[in-house]
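[1] Structure for the following, please:
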Amino acid sequence: MAAVTGPNSRPGWFAVPAPVRELFKLFPLTTLPADPLPERAPERTRPRPRLYVFARTEEDARSGRPSFNPQCLKWQTFLRIAGVEVDVVPSTNHASPSGALPFLLPPTITQSSSTTTESKAAPALIPTRPLTGSKIERYAKDHSSHDIPADSSSPSRLEAYEALLSQSLRPAWLHTLYLDPLNIPLLKTLYLPPSPILQLPSLHVLRNAATAEILKTTRSAIISPDQLLSDATDALRSLSALLSDDEWFFGRPEPGLFDAEVFAYTYLILDPQFGWAGDHHSLAKCLVKFGNLVEHRTRLYERCWPESRGEK
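    Residues are numbered from 1 along each chain as shown. The predicted structure follows:
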């Protein structure tokens with residue numbers, strides 16, 4: 001049914017009153033240009049991959065300082081070994097798609113339209129999926145600025161030496177950082193929220209998780225600090241024997257992923273700026289006994305962080 005119009009018709013509910021119409025004739029509506037995005041708004045494109053890690057401050061992340069977390073530092077180091085430039089972003093496990101850090105976001109892929117009509121529009125952005133674990137390794141090798149030699153060691157031999165890190169050195173690391181009462185102030189600065197109300201329950205959660213992980217790894221009923229330290233020392237002794245007089249593990253001409261994995265622990269154990277309680281904590285005392293591991297640490301740091309050459 002057609003709407004009824006005419007001089008005698010009543011105005012509808014949505015009719016604009018005459019005074020308002022006259023007002024808009026004097027001051028017509030205009031469309032203002034869009035405001036620029038705030039500085040902290042997410043970018044629409046990523047020209048470089050982003051590595052999300054644990055970092056003390058945003059400035060540490062922007063400057064590319066080594067992460068304080070061994071797992072994050074392992075992949076941060078390997079990407080530098082491969083010559084893949086990334087933007088390091090401070091993050092937390094809650095922001096990770098897998099529930100753990102680190103993860104890598106490749107650069108945004110753009111796809112131009114093929115039709116003449118659509119070619120005037122901005123290129124379409126194809127979202128990229130976050131990469132973790134072995135997918136970061138594959139990405140680093142595929143985008144490396146140089147050839148990374150293949151690992152000549154057998155998988156079983158490599159697994160045996162990786163077990164030294166995961167089964168022997170890591171439990172001692174977890175105990176030293178998470179369960180040693182002397183390092184509670186350090187733990188608070190690294191992982192706990194600034195709110196005093198939230199710190200205590202968060203501290204209990206972290207320490208309980210570390211305890212469960214140590215017991216699961218060592219398959220023991222109780223935690224023995226002395227045994228953990230003894231196992232860590234044996235692991236370092238075996239790694240020292242494996243490295244021998246070579247520059248890199250397994251006699252490789254260039255460092256590889258295993259070098260990065262060992263470095264992730266040795267660098268942090270001896271880092272004077274880490275904040276360990278006391279100048280010579282137990283793990284550091286064990287590590288300094290093996291000079292070639294200390295030299296390997298220094299050599300890889302100077303190679304991957306040349307901007308900080310001279311720091312130890």
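[2] ok now do the nearest residue to residue 255 once chain neighbours are set aside, which residues does it touch?
    Closest residue to residue 255 apart from its sequence neighbours, by Cβ to Cβ, 6 or more residues apart in numbering: residue 248 at 4.7 Å. Heads up, the C-betas are built off the backbone N, CA and C, glycines and all. Contact partners of residue 248, counting by Cβ atoms under 8 Å, 6 or more residues apart in numbering, are 254-256, 259, 296.
[3] filter these to the buried ones?
    Buried subset of the contacts of residue 248 (neighbour count, 16 or more other Cβ atoms under 10 Å): 255-256, 259, 296.
[4] Can you tell me which of those residues lies closest to residue 272?
    Proximity of the buried ones among the contacts of residue 248 to residue 272 (Cβ to Cβ) peaks at residue 296, which lies at 17.9 Å.
[5] what sits up against the helix or strand hosting the closest one?
    Applying DSSP states H and E as the criterion places residue 296 in helix 291-304. With Cβ under 8 Å, 6+ apart as the test, helix 291-304 has contacts from 66, 77, 80-81, 236, 239-240, 243-245, 247-249, 255, 259-260, 262-263, 266-267, 270, 287-288, 308-309, 311-312.
[6] which of those residues count as buried?
    For the contacts of helix 291-304, a burial check counting by 16+ other Cβ under 10 Å picks out 66, 77, 80-81, 236, 239-240, 243, 247-249, 255, 259-260, 262-263, 266-267, 270, 287.
[7] Give me the subset of those residues that lies in helices.
    Judged by DSSP state H, the subset of the buried ones among the contacts of helix 291-304 located in helices is 77, 80-81, 236, 239-240, 243, 259-260, 262-263, 266-267, 287.
[8] I figured residue 169 hits residue 236, correct?
    Yes: contact criterion Cβ atoms under 8 Å: residue 169 and residue 236 qualify, at 7.1 Å.
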